[in-house]
Each structure stands twice: as structure tokens, then as C-alpha cells.
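K.L.:
model the following, please.
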Amino acid sequence: MPDDGPKVAKPKSKISASRRLSLKILLLTRATEQLEAEKAAREEEKVRHLGESVPPLQLTGLQLEELQTFCKEIHSKIDKVDEERYDFEAKVIKNNKDIHELNRKIADMGGKFKKPALRKVRVSADEMLKALFGSKSKGNMDLRANLKSVKKEDTKQEKELTVEVGDWRKNVEAMSGMEGRKKMFDA
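P.N.:
Residues are numbered from 1 along each chain as shown. Alright, predicted model coming up:
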């Protein structure tokens, strides 16, 4: 294989392979420690939030009426939480649609989307009018009716013209001058 040009040498890194490997290991251990710390913080936040919003139940020693009012309060809280959950789901769905639409616009702007080639389709004038105007088109459009009709000249006249040509001298004398030219154009 012939050389396409001068080869560009990769610059050697100033860090040795063993040092690079040890740095990677340190970075990975640090990242895993941070992930574990984040998980622990989330769990603590979850426990704290549940402790604030849902106090522990104390049902011992309550009368029937007190239990009924307590159940009604719990049902109203459940309804409120369900409404909030539904609102959040609607927001998430809307945001996902917006993200999808923006990604599509970015792809269109980048020119990565190719428009498909259009197929050639034969369509009559009537079908085209129906497609353009729907059922509102008035009657059918006969394009051939608008063309002029052309009558063919009789073949007898052509034969007579060929018979007249017989003697060329007579023809030349008859056609000489302006009158002869006028006869040519009139015929």
C-alpha cells in the first residue's frame, strides 16, 4: 500500500501507565463513595419527610366517633396526595413531550433528517379537483372539450394541386409577379 502522506506521531503522555491506572482507580473509588453518600442522604431526607407528614398512629383508647373522624381525615389526606401525584404525572408527561419535540427540532436543524423522495403519480384533472376542493368541485372538467377541432382537408384537393403542376413553364408564367405569389398564399 502506498503512503498517503506523512504520518503524524501521537504525542507521548507525560504520565506513566501505572500512574494513570492508579489515578483511574482513585477517581472510581471517590465516585462510588460520593454515590453512597448521596443515597444515604436521600434515605435520611425520606425518613425525615415521612416523620413530618405522617405522624405515628395512636389508635388505642379511641371511641367509635373519634375513629370515624380519624378515618375521614386520612381519606381526605389520601385524596389530596392523589391529586398532587396526578398533577406531577401530568407535568412529567408534558415535559417529556416538550423534550421530544425539542429534540426533533434540533435534529431537523442539524440537517440529519432526509426528506423522502416524492413518487410520481398520475392524476386526472377530475381527481385533482376533488383532492383540492373536496366534494365542492362543480361537475367534471373535460379538457378535451376546450380544444379546437381541426378538419382535415380533402385528399381530392391535394390531387388537383399535383395535376396542376403538369407543365412547369405554364406554372412559372402563372406564378410570376405579385399576383402569382398571392395565388400561392391563397391556395
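K.L.:
and residue 150, what pLDDT?
P.N.:
Note for residue 150: predicted pLDDT of 66.
K.L.:
repeat that for residue 30.
P.N.:
Looking at residue 30, its pLDDT is 97.
K.L.:
that one and residue 59: what is the separation?
P.N.:
Per C-beta to C-beta, to the nearest Å, residue 30 is found 48 Å from residue 59. Where C-beta positions appear, they are placed from N, C-alpha and C, glycine not excepted.
K.L.:
what's the answer for residue 109, then?
P.N.:
With C-beta to C-beta as the criterion, residue 109 and residue 59 are 62 Å apart.
K.L.:
also residue 20?
P.N.:
Distance, residue 20 to residue 59, using C-beta to C-beta: 63 Å.
K.L.:
ok, the two, which is more surrounded?
P.N.:
Ranked by neighbour count (other C-beta atoms under 10 Å), residue 20 and residue 59 place residue 20 first, with 11 against 8.
K.L.:
could you give the average pLDDT over stretch 54-64?
P.N.:
For stretch 54-64, the mean per-residue pLDDT is 80.
K.L.:
do the same with stretch 83-90
P.N.:
Mean pLDDT, computed over stretch 83-90, is 96.
K.L.:
identify each buried residue in that stretch, please.
P.N.:
Residues of stretch 83-90 include none that count as buried (16 or more other C-beta atoms under 10 Å).
K.L.:
packing partners of the longest helix along the chain?
P.N.:
For the chain, the longest helix by residue count, based on DSSP state H, is helix 64-110. Here helix 64-110 touches no other helix or strand, going by 3 or more C-beta pairs under 8 Å, 6 or more residues apart in numbering; DSSP states H and E.
K.L.:
burial count for residue 130?
P.N.:
By other C-beta under 10 Å, the residues close to residue 130 number 15.
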